[in-house]
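Peer 1: Coordinates for the following, if possible.
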Amino acid sequence: MITEVDEALCVLLGRSLPEGTMVRLDPPKPTWETERPTNAIDLFLYGLHDDPSGRESGWADERDDRGAVRARREPNRRCSLSYLVTARAEKVNEEHLLLGAALRTMLFTDSLPADCMPETLAAAGAPVLIKIADTDPGALWSNLGMPARASFAITVSAPFLPAADTDLAPPAEKIRLDSGQNVPPRGSLAPAQPRRWVRTP
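Peer 2: Numbering: from 1, shown residues only. Predicted coordinates:
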């Protein structure tokens, strides 16, 4: 699921950025200060945790052409992925232009469009939600041991599909109904009634 979300975000941002801008998944690194920068937006995945807000309930059955259950799947879970979004360019104002374009895209995208998502992610049939996080990026830069740069954080809530359980009992071929009463077959003698002894005076 993580790589599918990575790919979808790269496609989404690639549509809105100036031609020739790269979208990368590189984490910030100290060598940025000495490298010759290229026009790029970097998405750094720095956090993963359970998202209980979109948790589903109930099992889902997968049936064959005859309607028999061939697999049973637990309800979907949701995972929250946190990304730090930064820009790289030769000049600061160029970085800000790239970062502004990325910010505008994320602000006006509540959920990933279906044509941005890989087939496996779209097949989940559940939206992939995007929002600007209220995380202060300054703390992240300090933890990375780097000087702060212009950046923002986003949170992506994506469905996590459990594996289907295919170890099921085969469907019944016949059903026998029994009322619980022993009825003798036609033509047979009824069972003898128990004798009753009556004392005479």
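
Peer 1: what sits opposite P159 in the beta ladder?
Peer 2: Under DSSP bridges, the beta-bridge partners of P159 are R78.

Peer 1: Show the contacting residues for it.
Peer 2: By C-beta atoms under 8 Å, 6 or more residues apart in numbering, the residues touching P159 are M1, G54, N76, R77, R78, A124, A126, V128. (Glycine included, C-beta is placed from N, CA and C.)

Peer 1: any idea where the helices of the protein begin and end?
Peer 2: Along the chain, the stretches classed as helices by DSSP state H are 2-16, 92-107, 119-122, 137-143.

Peer 1: how close does the residue nearest the centre of the chain sit to S111?
Peer 2: Central residue of the chain (C-alpha atoms, centre = their mean): P159, 1.7 Å from the mean position. P159 sits 11 Å away from S111, going by C-beta to C-beta, to the nearest Å.

Peer 1: Identify the contacts common to those two.
Peer 2: Common neighbours of P159 and S111 (criterion: C-beta under 8 Å, 6+ apart): V128.

Peer 1: Pipe the helices of the chain into JSON lines and attach mean neighbour count, mean pLDDT and distance to D65 per row.
Peer 2: JSON lines is the format used below for the helices of the chain (neighbours: other C-beta atoms under 10 Å; pLDDT from 0 to 100; distance: least, C-beta to C-beta, whole Å):
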{"stretch": "helix 2-16", "mean neighbour count": "18", "mean pLDDT": "94", "distance to D65": "29"}
{"stretch": "helix 92-107", "mean neighbour count": "17", "mean pLDDT": "95", "distance to D65": "43"}
{"stretch": "helix 119-122", "mean neighbour count": "14", "mean pLDDT": "86", "distance to D65": "23"}
{"stretch": "helix 137-143", "mean neighbour count": "14", "mean pLDDT": "86", "distance to D65": "52"}
